[in-house]
Structure formats: structure tokens, C-alpha cells
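K.L.:
below is the sequence, then the predicted model.
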Amino acid sequence: MKPFILLGSSTIIIFILISAVASINKKDEISEKHLEVVLRNIGHQLLLSANDSSSRVLPVKKVNENTYQLSFQNEFRFVSDSLINLVQREFQKTALATNYIVNLKNCQKKETVLAFEINGKAGNLTPCRGRRLAVSCYIIEIELLKANNFNSIWLLLVLIPLGFIGFYVKNKFRKKEEKESIVNNNDYIQLGSFQFYADNNVLKTGDKSILLSEKETKALKIFAENINQIVERETLMKEIWEDKGIVVISRNVDVLVSKLRKRLTDDNAIKFINVPGRGYKFIIE
């Protein structure tokens, strides 16, 4: 893979992942107007549960990025379960939030009268159920607990391009080291116009280098040590496969020799002669 192709591919991947993250974050964003409508509806339903259809729900106040306050025109009384059930029902229906904390405070003393938490991971905490609260001025404070999706998504965003780059760099240096090793290595077997570097699994002719598989290297080494001699099929099967505990058939030898023929096709003087019933003879004319 050329450097500019790698860079282009990495750029495209990063762009796609950034777009995906932006799309996810956009979906997670809560419209302020939508949130205000939902919270005011919770307040309205709470007043109705207290048989108060005339009092007004005051404008929603934003305390900080994730916390909102809901207050009322007049004093009233209600049962704690009404607030807990209303908030859960409205949030589930509108998919507004799955994790949140609700604090019910007294207007004058700012003391917490009732609190509960709905949390899918840590578990729900809903104490004080069934309590009938006294007539008073109340403020409902709702804190939305945002899920943290940053780590997994952005880690993926970084790791995928780095993985491509790392693979490219590693492969580049490996090939460079192999090439330098071959250039400085005089330990090869001359086969016609080819230099066979058995230790490196490489065939070289001129500026062309051919990487061999482990089986191809093993087979060619056997043939190179027995030029112009018949190498029995059983010998090849035993030394290449069976000594490693792998059971094969005679056809595997034919396939392997066919691959070697293709590897050495640049030199017409090199031939593998099939000897029926026995094996192959490797000759260099």
C-alpha cells in the first residue's frame, strides 16, 4: 500500500467516524423547548393529581447544564408516589432521559423534602413512597445524568486509523529488513538464474524477489539437494507434512510442485519432470 493511499484511506475513515459521532451526539442532545414542554406537563399533571386545576406552573428555570427547576404559583399537597410515577411515565414516553435524580425542596427553607434516583446502571432509588406531603410551596429540581459515550467511540476513532498506519509501518520495515538481509546474505543456492535463500523463504532473480511459503521452501530445498535425481512422493509427503503430524494424500504433492513451477517460470531451463508411480525429478538444463 502506497503512503498516499494509506493517508487517504485513514482520512476517509476518520471523516466517517467523526460524522457518526456527530450524528450520535446530535441524537443525544435534548431540545430546550421540548424539555420545557415535558417538565411543564409533569407539573401540570402533578397539580391535577392534587385536584388543583387552577394554579399555574411557573416558567422552568435552568440551574446548570443538566439541572432544571420546576415551581408552582400556589401551595398544594400531594402523595409522593404521584411525583415518582409521573416523572418516570413522562420520561419513558418521550425518551427524554433514562438516568436522572429528582429533588423536591421546600420553597422557604430550601430543604429537601423528597428525593429519588432512576438509574439503569446503578439501580433505582425511590425511598419515601406512599407519603402524603403537607400543603406547602414546593420546588422540583431535576438533574439529567448524561451517559458518557466518549471513551468507546473516540477510542475507536483513534485506534482504527492507527491500526492501519501501524500495520503499514510494520510491514514496510519488515520488507526492508528482509531485503537488506537478503542483499547482505551470501548463503544461497544457485538454481539456474535464481538465487534461493532458504533461510529467508525467498527466490531472487535480478531485481525480482519472490516470497515462498514454508511448504514451498521445504520442497524446493529437498529438490535443490537432489538435482537430476528422483525424489519419491513418499519422501516429500513425510518431510513436508507427516513429520508435523499432518496426514495428506499424493495430490497435495502435485499441487505443491505446480506452485513451484509457477514460481520458477522465468527460467525455462528449470523443469520438474513427473516420474509416474514414483515422484518428481528436478533438472536444470
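P.N.:
Sure thing, it's come through. Numbering: from 1, shown residues only.

K.L.:
for the stretch 151-285 of the chain, which spans come out with low pLDDT?
P.N.:
Low-confidence segments of the stretch 151-285 of the chain (pLDDT under 70): 151-162, 164, 166-185.

K.L.:
give me that answer again for 50
P.N.:
Scanning the stretch 151-285 of the chain for pLDDT under 50 picks out no residues.

K.L.:
please enumerate the strands of it.
P.N.:
189-191, 194-197, 202-205, 208-211, 230-232, 270-275, 279-284 (DSSP state E, counting those that start in this stretch).

K.L.:
return the most buried member of those strands.
P.N.:
Among these, strand 194-197 has the highest mean neighbour count (mean count of other Cβ atoms under 10 Å), at a mean of 22. For every residue, glycine as well, the C-beta is placed using N, CA and C.

K.L.:
who does it touch, helix- and strand-wise?
P.N.:
strand 189-191, strand 202-205, helix 214-224 (3 or more Cβ pairs under 8 Å, 6 or more residues apart in numbering; DSSP states H and E).

K.L.:
output stretch 273-285 as PDB - backbone C-alpha positions only.
P.N.:
C-alpha atoms of stretch 273-285 as PDB (Å, rounded to 0.1, in the frame of the first residue of the first chain):
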ATOM      1  CA  ILE A 273       9.700 -34.000 -14.600                       C
ATOM      2  CA  ASN A 274       6.900 -36.200 -13.400                       C
ATOM      3  CA  VAL A 275       8.100 -39.800 -12.900                       C
ATOM      4  CA  PRO A 276       4.900 -41.900 -12.900                       C
ATOM      5  CA  GLY A 277       4.400 -44.200  -9.900                       C
ATOM      6  CA  ARG A 278       7.400 -42.700  -8.100                       C
ATOM      7  CA  GLY A 279       7.700 -38.900  -7.800                       C
ATOM      8  CA  TYR A 280       9.400 -35.900  -9.500                       C
ATOM      9  CA  LYS A 281      12.900 -35.200 -10.900                       C
ATOM     10  CA  PHE A 282      14.200 -31.600 -10.600                       C
ATOM     11  CA  ILE A 283      16.500 -30.800 -13.500                       C
ATOM     12  CA  ILE A 284      18.400 -27.700 -14.700                       C
ATOM     13  CA  GLU A 285      19.400 -27.900 -18.300                       C
END
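
K.L.:
so what touches it?
P.N.:
Applying Cβ atoms under 8 Å, 6 or more residues apart in numbering, the contact partners of stretch 273-285 are 191-192, 223-224, 226-236, 253, 257, 269-272.

K.L.:
now distance to N103 too, for the helices and strands packed on strand 194-197, in CSV please.
P.N.:
Formatted as CSV, these follow (distance: least, Cβ to Cβ, whole Å):
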stretch, distance to N103
strand 189-191, 83
strand 202-205, 73
helix 214-224, 69
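
K.L.:
on the three-state scheme, Q108 is what?
P.N.:
Following DSSP: H, G, I helix; E, B strand; the rest coil, we place Q108 in the coil state.

K.L.:
if we can go back for a sec, what's the closest of the helices and strands packed on strand 194-197 to S82?
P.N.:
Closest approach to S82 among the helices and strands packed on strand 194-197 (Cβ to Cβ): helix 214-224, 74.9 Å.

K.L.:
list the buried residues for the closest one?
P.N.:
K215, E216, T217, K218, A219, L220, I222, F223, A224 (16 or more other Cβ atoms under 10 Å).

K.L.:
repeat for stretch 66-80
P.N.:
Result for stretch 66-80 [16+ other Cβ under 10 Å]: buried residues Y68, Q69, L70, S71, F72, F76, F78, S80.

K.L.:
how about R132, nearest residue that isn't a chain neighbour?
P.N.:
Setting aside the residues directly before and after it, R132 is nearest to V79 in space (Cβ to Cβ, 6 or more residues apart in numbering), at 5.2 Å.

K.L.:
contacts only, for the residue lying closest to Q108 once chain neighbours are set aside.
P.N.:
Excluding the flanking residues, the one nearest Q108 by Cβ to Cβ, 6+ apart is C137, at 6.8 Å. Listed by Cβ under 8 Å, 6+ apart, the contact set of C137 reads F72, N74, E75, N106, C107, Q108.
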